[in-house]
Structure formats: structure tokens, C-alpha cells
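Colleague: okay, here's the prediction I keep looking at, along with the sequence it came from:
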Amino acid sequence: MRTSKFFAVPTLALGAILLSAGPAMAHSEHGGASDGVATADSSQSWSFQADLGTLNNSGTVGDVLIEGQGNQATVYMTVEGAAETFMDAPFPHAQHIHFGSQGVCPGPDADEDGDGVVNTPEGGVFYGGIGTSLTIEGDTSPDSGLAVERFPGGSSYTYERDLEIADDVLASIVDGTGVVVVHGVNPELMPEEAAAKQSTLDESLPLAATLPAACGTLTASQMGEMPEGGADTGVSGGTTGQGVAMVAGAGALALGAVGAGAYFMRQRPTES
């Protein structure tokens, strides 16, 4: 018989996982400041897109379109097949633009410890550290990489938000090393060994909470029009696609006042 264990995850501890791969500074051939980071031309428009492919057998897929002028950008996303619920509430999905590394999504061979999944440190070697946090409201810097109450949640959602992208992150996108990653995998879909694990960085956290679920490298956009999406600073969708912030207000996730996220993992019985 399967049982579930629930963990109250301190926000700072979650940040240690999400921010584990420190971003390297990106360089651009298109000119820039003396430190090698390109300074965006406020008069120049640009557009990049990514197809989000499944990682870690999550079933999560999606599409991303980012259109901008200088450092100002609008991000459009659609995500489907993501982990749906825990504690009768939408499963929160941290999502970011990663940058400054190889600019690719990890394959199964990135699983160095042999547990059947590619965890955050293993994946970060390929896609880099957090450059922009794709929150539904408030701050979008790497400091909000842990703000689980301000990310979308549920099995499917649309996302649309105007935000500012830093020079080094934009330079990385232009150079082909910008990657969008969505986190959070249903532990029921993980191998038994991995589902029973705690985080490799903090033993108080379940591995499923911040496991990469979908990934895509940003490339020059070929899309002719914007996808239909949600409000300017939020998400829309079915009942399981609403932002976690709405649930937090009702106390279901106990996130707002206590500054913590609740995560679960399935624990299979130990063989006797």
C-alpha cells in the first residue's frame, strides 16, 4: 500500500535547490559593456521561442514565445501535462530562464548518480543558473527563484507577463544559451529509488519538489503571431491551472503568511 509524506519546505531551503547552479556571465559578439556583457539597444526589437520537451518522464510539455525591445519583454507560455495536485491544491511549478552555460537540455545520460532522474545540480551543468524568474507577480530576478507562492500551478496553464530581462541574460539568449525550464514532477511518475529520495542538497526536501520537468532552448522566433494567453501578470486555465497565490490566500498551501511551500513525495513500503 502506498503512503504519502508531507513536508513543509522553508522558502530559503527551496532556494538552495533552485539556485544551486550559479549563473556564469554571458558574453556577446554584438558589442557591450567593458565587462563583456552586452548592453541592450532600447530601439531594437527581438523575438525568441522554445518548444518545451519533457524531462524526467514528467509528461510536461509546452511552448514559449518571448518578444522584446531592448531589455523590456513580454513572455508567453503554454504548459500541459504537468504535475497536477498535492494536498488538494495545484502543484506549484517554478519556472525560469536559465543562462550562461551550454544552453542545452540534459539527456538521460546526465543522471550521474544512477537513480533514474536528472536532478537540479545534474541539469544545471547543461542549462545554467537562473537568470529570470517567470513569476506571476512581483520580482522576477533570481532572488525570486524560490517564490513558490508566485509561480503558476496545476496540470496546465497559460502565462503572459511583461518584464525586464537583464543584459547578461539577454546576451545569453542572443548567443543561443538561454533555456526555459519548468520544475516539479509528480513522484508517482518517478523511479522507485528517486521517488523515495530527499534532495541532494538538503535532506529535509523531497527530490520531486524541484526536479526539472520540462526544458527548451530559446532560438530566433519563426512564429507569425502571439499565442493566446492569460492576463498581463498572471495565468489562466482550468481549475487546476490557477496560480498558487490564489490557493495560498485560502490557506490550502500555507504559503503566504509563513513563507513556506508544502511539497509531497510518495514513500513506497520497505521490503522486509
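Modeller: Cool, got the structure. Numbering: from 1, shown residues only.

Colleague: mind checking how far V61 is from L52?
Modeller: Going from V61 to L52 by C-beta to C-beta, to the nearest Å gives 6 Å. All C-beta spots, glycine's among them, are computed from the backbone N, C-alpha and C.

Colleague: more crowded one of those two?
Modeller: L52 (26 against 19; other C-beta atoms under 10 Å).

Colleague: what is in contact with V61 and L52 at once?
Modeller: 79, 214 (C-beta atoms under 8 Å, 6 or more residues apart in numbering).

Colleague: and the strands in this structure?
Modeller: Applying DSSP state E to the chain gives strands spanning 3-10, 45-54, 61-69, 72-80, 85-86, 89-90, 95-99, 129-133, 157-164, 179-183, 212-217, 219-220, 233-236, 260-267.

Colleague: compare those strands and give me the one nearest E112.
Modeller: Closest of the strands of the chain to E112 is strand 212-217, at 14.3 Å (criterion: C-beta to C-beta).

Colleague: any low-confidence regions in the stretch 151-272 of the chain?
Modeller: 199-205, 222-272 (pLDDT under 70).

Colleague: please enumerate the helices of it.
Modeller: Under the criterion DSSP state H, counting those that start in this stretch, the stretch 151-272 of the chain carries helices at the ranges 167-174, 192-195, 244-250.

Colleague: spit out the contact partners of the residue nearest to T177 when sequence neighbours are not counted.
Modeller: Distances taken as C-beta to C-beta, 6 or more residues apart in numbering place G103 nearest to T177, at 3.0 Å, with adjacent residues excluded. By C-beta under 8 Å, 6+ apart, G103 lies in contact with 127-128, 172, 175-179, 217.

Colleague: kindly indicate the member of those with the most neighbours.
Modeller: Among the contacts of G103, S172 has the most neighbours (other C-beta under 10 Å), with 31 neighbours.

Colleague: now do the contacts for it.
Modeller: By C-beta under 8 Å, 6+ apart, the neighbours of S172 are 26, 99-100, 103, 128, 131, 178.

Colleague: ok, now how distant is it from E149?
Modeller: Between S172 and E149 the computed distance is 27 Å (C-beta to C-beta).

Colleague: over to Q69?
Modeller: 30 Å.

Colleague: give me the more crowded residue out of these two.
Modeller: Neighbour totals were compared for Q69 and E149, and E149 leads with 26 against 14 (other C-beta under 10 Å).
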